[in-house]
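# Fold the following and give me the result.
(4 chains)
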Number of protein chains: 2
Amino acid sequence: MKSSPSEVTELAFRGFVRASGLFRNRMIPYFARFGISGAQWGILRQLYREEREGISGLRLGDLGRRLLVRPPSVTGLVERLVRMGLVARKTASADQRAKHVSLTASGRKLVARVLKQHPSQMQSIMACFSIDEQRDFHHLMVKFATHLESLENGQAGNLDHPQFEALEAR
Amino acid sequence: MKSSPSEVTELAFRGFVRASGLFRNRMIPYFARFGISGAQWGILRQLYREEREGISGLRLGDLGRRLLVRPPSVTGLVERLVRMGLVARKTASADQRAKHVSLTASGRKLVARVLKQHPSQMQSIMACFSIDEQRDFHHLMVKFATHLESLENGQAGNLDHPQFEALEAR
DNA sequence: TGCTTTTAGTTAGTATGCTAACTAAATAAT
DNA sequence: ATTATTTAGTTAGCATACTAACTAAAAGCA
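Purely as a prediction, here's the structure:
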């Protein structure tokens, strides 16, 4: 019993929605073990990476762009991290409007602690897939993300595959 | 240049995180066109489905379980839908603790309106994939969701593919 | 130079999600 | 039957996200 093209589309769509929800519910308690949220981890990880490449601090806008989060959300997120003593925020010297955010010693230590656990956490999450399946999964996600990004700017439908029937031969 | 197993795992993991964010950012403005949020659509769609199967109303707990959302969130979500006149909420006769939620005429009309647009929206989102890719995508999502569900209850790692732990014992 | 526009970030207000702690009703146990 | 426990939902308080509207600095242009 083969599903029709539009049925497959809906199944794929709904499968992604469900997996996203379950994934989220799985990650929250993981980060909570370190006293942070997933969004906070996103900030800390970015800062840690940039630091390793010799960049001293990121601006709020840079962080927002990388984490797919809008300016007001970044403000609050960083504000809380500052209160927690994990990052420092100071006005940039070159541009008086911008703020540079950087890890504190305490923040750096926390990132190191999370990174030690991270590979095993990712592997536990992905443990249902063989290596080949993980490769497929990765490729599909990259394709999906690229497409969603193009939709974001190019507004219109951008139907790479205009007619589903015509595609079956692909 | 082939990636090592642990690198593939991380790429897959990160790809999913990024795709989830982009997907979310894409769906919000879509539902906003109808004056609702994605979470509200989830409630309305469930009620519509149950209605078609002859069930008059769902309890708050049922809704929460299906939408992967906890009781306090359901309370607020339904509260807002009631204020918008899209659903009705009344105490169940059998169990005085429970509340039955059902679509109003206005809510039913909105669902019909969204459903008319829905297939083309899903196809636009999934348009980067051929039918075969959509099938792969769907299968991977089902496997992923099943695994994440089992982790939720069975806590422990559940490494179906134990070769991983040998690779990443850091 | 001086005015206009753009850019960086914040503030206000709202929606969605959570946990912890609560009320009240229904079950279970003694 | 009475007490204890579980279950359904709410409330309070917080974190994260958004849009709209704002301030202030930088860039553009005339």
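# which ones are touching the residue sitting nearest the centre point of chain A?
In chain A, the centroid-proximal residue (C-alpha atoms, centre = their mean) is residue A:67; its distance is 5.8 Å. Residue A:67 makes contact with A:39, A:42-43, A:46, A:74, B:21 under the criterion C-beta atoms under 8 Å, 6 or more residues apart in numbering or on different chains. All C-beta atoms are positioned from the backbone trio N, CA, C, and that covers glycine.
# Export these to a markdown table and append columns for neighbour count, pLDDT and distance to residue A:8.
Converted to a markdown table, the contacts of residue A:67 look like this (neighbours: other C-beta atoms under 10 Å in any protein chain shown; pLDDT from 0 to 100; distance: C-beta to C-beta, whole Å):
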| residue | neighbour count | pLDDT | distance to residue A:8 |
| --- | --- | --- | --- |
| A:39 | 17 | 96 | 33 |
| A:42 | 20 | 97 | 33 |
| A:43 | 28 | 97 | 38 |
| A:46 | 16 | 96 | 36 |
| A:74 | 22 | 98 | 38 |
| B:21 | 17 | 95 | 24 |
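# For residue B:22, see how far away the residue nearest to the centre of chain A is.
12 Å (C-beta to C-beta, to the nearest Å).
# Briefly note if stretch A:19-27 comes near DNA strand D.
No. Stretch A:19-27 is not in contact with DNA strand D by C-beta under 7 Å from any atom of the strand; minimum separation 10.3 Å.
# Pull out the buried positions in that stretch.
Within stretch A:19-27, the residues scored as buried using 16 or more other C-beta atoms under 10 Å in any protein chain shown are A:19-23, A:25-27.
# mind checking how far it is from the chain centre?
13 Å (C-alpha atoms, centre = their mean, to the nearest Å).
# could you pull out the helices for chain A?
A:5-32, A:38-52, A:60-67, A:71-83, A:105-125, A:131-153, A:164-167 (DSSP state H).
# can you list the domains in chain A?
A:5-121, A:129-170 (automatic domain parsing).
# Adding distance to DNA strand C as columns, could you present those in JSON lines?
Listed next are these as JSON lines, based on distance: least, C-beta to the nearest atom of the strand, whole Å:
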{"stretch": "domain A:5-121", "distance to DNA strand C": "3"}
{"stretch": "domain A:129-170", "distance to DNA strand C": "15"}
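# weakest of these by average pLDDT?
Looking over the domains of chain A, mean pLDDT reaches its minimum on domain A:129-170, with a mean of 70.
# who in chain A is up against DNA strand D?
Contact residues (C-beta under 7 Å from any atom of the strand) of chain A with DNA strand D: A:36-37, A:39-40, A:68-73, A:76-77, A:80, A:94-97.
# From those, list the buried ones, please.
Using 16+ other C-beta under 10 Å, the buried ones in the residues of chain A next to DNA strand D are A:36, A:39-40, A:68-69, A:77, A:80.
# Nearest to residue A:116 among those?
Taking C-beta to C-beta as the measure, residue A:116 sits nearest to residue A:36 out of those, at 14.7 Å.
# Can you tell me how far the closest one is from chain B?
Residue A:36 sits at a distance of 16 Å from chain B (criterion: C-beta to the nearest C-beta, to the nearest Å).
# Kindly report the same for residue A:142.
6 Å.
# Can you tell me, leaving aside adjacent residues, what's nearest to that residue?
Residue nearest to residue A:142 in three dimensions, not counting chain neighbours: residue B:15, with 5.5 Å by C-beta to C-beta, 6 or more residues apart in numbering or on different chains.
# didn't that neighbour look like it was pressed against residue A:143?
No. With contact defined as C-beta atoms under 8 Å, residue B:15 does not count as touching residue A:143 (9.3 Å).
# Pick out whichever of those two has more residues nearby.
residue B:15 (20 against 17; other C-beta atoms under 10 Å in any protein chain shown).
# which residues does the more buried one contact?
A:137-138, A:141-142, A:145.
# next one: residue A:132
Contacts of residue A:132 by C-beta under 8 Å, 6+ apart: none found.
# Switch the buried residues of stretch A:19-27 over to TSV; also include distance to chain B.
Compiled in TSV, those are given as follows (distance: C-beta to the nearest C-beta, whole Å):
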residue	distance to chain B
A:19	5
A:20	5
A:21	4
A:22	4
A:23	6
A:25	6
A:26	5
A:27	9
